[in-house]
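Undergrad: Okay, here's the prediction I keep looking at, along with the sequence it came from:
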Amino acid sequence: AQKVTQAQTEISVVEKEDVTLDCVYETRDTTYYLFWYKQPPSGELVFLIRRNSFDEQNEISGRYSWNFQKSTSSFNFTITASQVVDSAVYFCALTVYGGSQGNLIFGKGTKLSVKP
Amino acid sequence: DTAVSQTPKYLVTQMGNDKSIKCEQNLGHDTMYWYKQDSKKFLKIMFSYNNKELIINETVPNRFSPKSPDKAHLNLHINSLELGDSAVYFCASSQDGGRYNEQFFGPGTRLTVL
């Protein structure tokens, strides 16, 4: 069975602080894909990044960076110099190649509040 | 142009009623999904569907049924609504079965059962 754990339920930071959102996943499959989605207060789900299990390179996109470590089954997300607009619920998700049509298995989300 | 659209955005109804939520995608994707987000923000897959296969999450009551008139639409029908059905329902779509491509989500439909 697959599982995604986001242990941090809520995080509150002050603007310009760096913040890391943790994600730990479980799967027995060797081919799988990891995702991060953002859900701002307006409610829509916004895709942020996809990473496959064979690519452990870290990725940076502007103020966002992701650290994928297979050895610890983690796919952590760091926001550098956080801004109020980063306030949202962030979801980590997993899908496996051999699974049923790529159904996303979501963690419970981490609510990030960035205060001015 | 809206990629994945859902109607209505809000739906308020009485227990026992039957209702439908419509979903359309204009991305040319081959797979569509319905997810339920409960009051604690937990997102869970309900159905996934392409032109070959419907996968139903076994925890979904059979009062819920997806209907796909064509590749671009996957509607959700709910019979005999219950209080516990109150949630936000998201439609999504992806290409190649969604195994390695991201899923694009609609704006969500907030269903309130009174």
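TA: Perfect, I can see it now. Residues are numbered from 1 along each chain as shown, chains lettered A, B, ... in the order given.

Undergrad: what's the burial count for the residue nearest to residue A:72 when sequence neighbours are not counted?
TA: Distances taken as CB to CB, 6 or more residues apart in numbering or on different chains put residue A:24 closest to residue A:72, at 7.5 Å, once the chain neighbours are dropped. All C-beta atoms are positioned from the backbone trio N, CA, C, and that covers glycine. Residues within reach of residue A:24, counting by other CB atoms under 10 Å in any protein chain shown, total 16.

Undergrad: repeat for residue B:62
TA: Neighbours around residue B:62, by other CB under 10 Å: 7.

Undergrad: I'd like the distance between it and residue B:46.
TA: 12 Å (CB to CB, to the nearest Å).

Undergrad: Now list whatever residues contact both of those two.
TA: Here residue B:62 and residue B:46 share no contacting residue, scored by CB atoms under 8 Å, 6 or more residues apart in numbering or on different chains.

Undergrad: ok, back up a step: and the pLDDT for the residue nearest to residue A:72?
TA: Note for residue A:24: predicted pLDDT of 98.

Undergrad: from memory it sits against residue A:74, does it?
TA: Yes: counting by CB atoms under 8 Å, residue A:24 does reach residue A:74; the two are 5.3 Å apart.

Undergrad: that older thread, so what's the residue nearest to residue A:72 bridging to?
TA: Beta bridges link residue A:24 to residue A:5, residue A:74 when assigned by DSSP bridges.

Undergrad: quick one: contacts for the residue nearest to residue A:115 when sequence neighbours are not counted?
TA: Leaving aside its sequence neighbours, residue A:115 sits nearest to residue A:14 (CB to CB, 6+ apart; 5.4 Å). Shown in contact with residue A:14 (CB under 8 Å, 6+ apart): A:114-116.

Undergrad: got the residues of chain A near chain B?
TA: Within chain A, the residues that sit near chain B (CB under 8 Å from any CB of the partner chain) are A:33, A:35, A:37, A:39, A:43-45, A:47, A:50, A:52, A:89, A:91, A:95-97, A:99-106, A:108-109, A:111.

Undergrad: So residue B:44 belongs to a strand, correct?
TA: Yes: with DSSP: H, G, I helix; E, B strand; the rest coil as the criterion, residue B:44 is part of a strand.

Undergrad: Not counting sequence-adjacent ones, nearest residue to it?
TA: Leaving aside its chain neighbours, residue B:44 sits nearest to residue B:36 (5.5 Å; criterion: CB to CB, 6+ apart).

Undergrad: Do you know the pLDDT at residue 69?
TA: In the absence of a named chain, chain A is used. Note for residue A:69: predicted pLDDT of 94.

Undergrad: wait, chain B
TA: Residue B:69 carries a pLDDT value of 88.
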